[in-house]
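> mind folding the following:
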Amino acid sequence: MMLPKSEQAVAMFVAGYSCAQSLLATYGPDLGLDRETALKAAAPLAGGVSRTDGPCGATSGALLVLGLKYGHTRPDDAEGEERIRILTQEYLRRYAARKGCTSCTGLLGVNLGEPGVAERVKVEGLTQEVCPELVRASCEILEELLDHPDQEFPA
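Below is the predicted model:
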């Protein structure tokens, strides 16, 4: 039996892929993106965008998935542009409501870009403790939006 996508993504993270890679490589193939390209495209997003105090990679990966499914492809597609903007904002709102924020630093409680922090986090296993649940939550929110993209969201 095939694992739910959320568990597939968590398993990828536990196996050593980043949170962003885990999301995009799990969902991407069903949306026309091959796994290897997904892994490469999401690679810079790990650790708060390559340890620059940016957004959580699980959120970045999820937004790429939303873009694959609902992103507009023409510059004159105002309706498509508005749809992906609304879905992006709703995803981020739900993630922040569920997890408290969307930044890697805020979620981990440490800035991976500070000297020695990433090494300490790895030794202490902080990401293995915290991030699987962040990946799972990201997938759950993503599934809600993938299943119901046209619902009305609060302004």
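> can you list the buried residues in stretch 22-30?
Buried residues in stretch 22-30, counting neighbours by 16 or more other C-beta atoms under 10 Å, are found at 22-28. C-beta: built from backbone N, CA, C; applies to glycine.
> for stretch 123-134, same thing?
Applying a neighbour-count criterion of 16+ other C-beta under 10 Å, the buried positions in stretch 123-134 are 126-127, 131-132, 134.
> so for it, mean pLDDT?
Averaged across stretch 123-134, pLDDT comes to 95.
> now stretch 50-67
Averaged over stretch 50-67, pLDDT sits at 97.
> buried ones in that stretch?
Quick answer for stretch 50-67 (16+ other C-beta under 10 Å): 51, 54-66.
> ok, now stretch 1-21?
Under the neighbour-count rule (16+ other C-beta under 10 Å), stretch 1-21 has 5-6, 8-10, 12-13, 17-21 buried.
> secondary structure element for the residue nearest to residue 23 when sequence neighbours are not counted?
Beyond its immediate neighbours in the sequence, the residue positioned closest to residue 23 (C-beta to C-beta, 6 or more residues apart in numbering) is residue 61, lying 2.9 Å away. In this structure, residue 61 sits in helix 57-70 according to DSSP states H and E.
> that helix packs against which elements?
The criterion is 3 or more C-beta pairs under 8 Å, 6 or more residues apart in numbering; DSSP states H and E, and the helices and strands that helix 57-70 contacts are helix 19-27, helix 35-42, helix 46-51, helix 78-99, helix 126-147.
> no more questions from me, cheers.
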